[in-house]
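Asks: Pasting a predicted model and its sequence here:
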Amino acid sequence: MADRLLTFSIFRYNPITPEIPPRMQEYQLEETMGMSLFIALNRLREELDPSLMFDFVCRAAICGSCAMLINGRPGLACKTLTQDMPDRITVMPLPVFKLVGDLSVDTGVWFRHLNVRTEAWIHTDKVFNPEAIEERMDNPTAQAIYDAERCIECGCCIGACATANMRADFMGAAFLNRIARFMIDPRDERPMAQYFDVVGTDEGVFGCIGLMACDDLCPMEIPLQGQLAFVRRKMAQMALKCARCK
């Protein structure tokens, strides 16, 4: 079977040269067996246009660096095979995040803000004793924590989120997944009221409009729908408790 000739329509814009307006630029490339979008972009940069900007690190769907809009859907370039796509492929940067250039966006600042705002560490008054035996944890709890920890901070869930695209202050599924991880962890001693102060608003869990694109498009298949429901239920219980106390 002859290899296909693929047409790539790629978003181009460099903020360093604002006098050149954003545009879509087309390239053509012969498809090879087992070619991923990541391989195709590298070939385009090496063979046709060395100025093309995009991010990558691991090439194994672990780092999350190569997340972008692929035919309108957030995904990882290294995990997307061209054989599963039509002859014409449109590639754009993830929305919501600051554009670095072309397909490259700055997710680092956003996720650093996530870690600071959610205080993403175990809160406890216990003094660490390096000689003590490790605390045991039952398997279902450990598995639930592991499910949340599989997030690779690629930003696909944020780019897919309707609310995040409309509101810059919305936390998004990655935030709420991180909160769920610490709510589940028995070692974290924060009271539920402290979590409520962080996510119990329309900027947090109550701002989700329930389209669940985050759950559908997470490349790690984290059960984000379940995580959001878990946090929403806990926050609703806390709001009712506060209302009864007044």
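Replies: Okay, I see it. Numbers count the residues shown, from 1 in each chain.

Asks: can I have stretch 212-219 written out in CSV, keeping just the CAs?
Replies: Written as CSV, here are the backbone C-alpha positions of stretch 212-219 (Å, rounded to 0.1, in the frame of the first residue of the first chain):
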residue,chain,number,x,y,z
MET,A,212,-17.2,16.3,31.1
ALA,A,213,-14.8,17.0,28.1
CYS,A,214,-12.0,16.8,30.7
ASP,A,215,-13.0,13.2,31.5
ASP,A,216,-13.4,12.2,27.8
LEU,A,217,-10.0,13.7,26.7
CYS,A,218,-7.7,12.9,29.6
PRO,A,219,-4.8,11.0,27.9
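
Asks: buried stuff in that stretch?
Replies: Buried residues in stretch 212-219, counted by 16 or more other CB atoms under 10 Å: A213, C214, D215, L217, C218, P219. (C-beta placed from N, C-alpha, C; glycine too.)

Asks: now, which of the residues you listed sits nearest A239?
Replies: Relative to A239, the closest of the buried residues of stretch 212-219 is C214; by CB to CB it sits at 23.0 Å.

Asks: ok, which stretches of the chain are strands?
Replies: Secondary structure of the chain (DSSP state E): strands at 5-12, 23-30, 67-70, 73-76, 88-92, 98-101, 104-106.

Asks: which non-adjacent residue is nearest L211?
Replies: A162 (5.4 Å; CB to CB, 6 or more residues apart in numbering).

Asks: Number of residues surrounding that neighbour?
Replies: A162 is flanked by 14 other residues according to other CB atoms under 10 Å.

Asks: per-residue pLDDT, it?
Replies: Listed pLDDT for A162 reads 93.

Asks: And for the one 10 residues further on?
Replies: G172 is assigned 92 on the pLDDT scale.

Asks: what's the answer for A236, then?
Replies: 89.

Asks: Find the nearest non-adjacent residue to the residue positioned nearest the centre of the chain, please.
Replies: Taking CA atoms, centre = their mean, the centroid of the chain lies closest to G155, which sits 2.4 Å from it. Excluding the flanking residues, the one nearest G155 by CB to CB, 6+ apart is T107, at 4.6 Å.

Asks: how much space is there between that neighbour and G34?
Replies: The gap separating T107 from G34 is 28 Å, by CB to CB, to the nearest Å.
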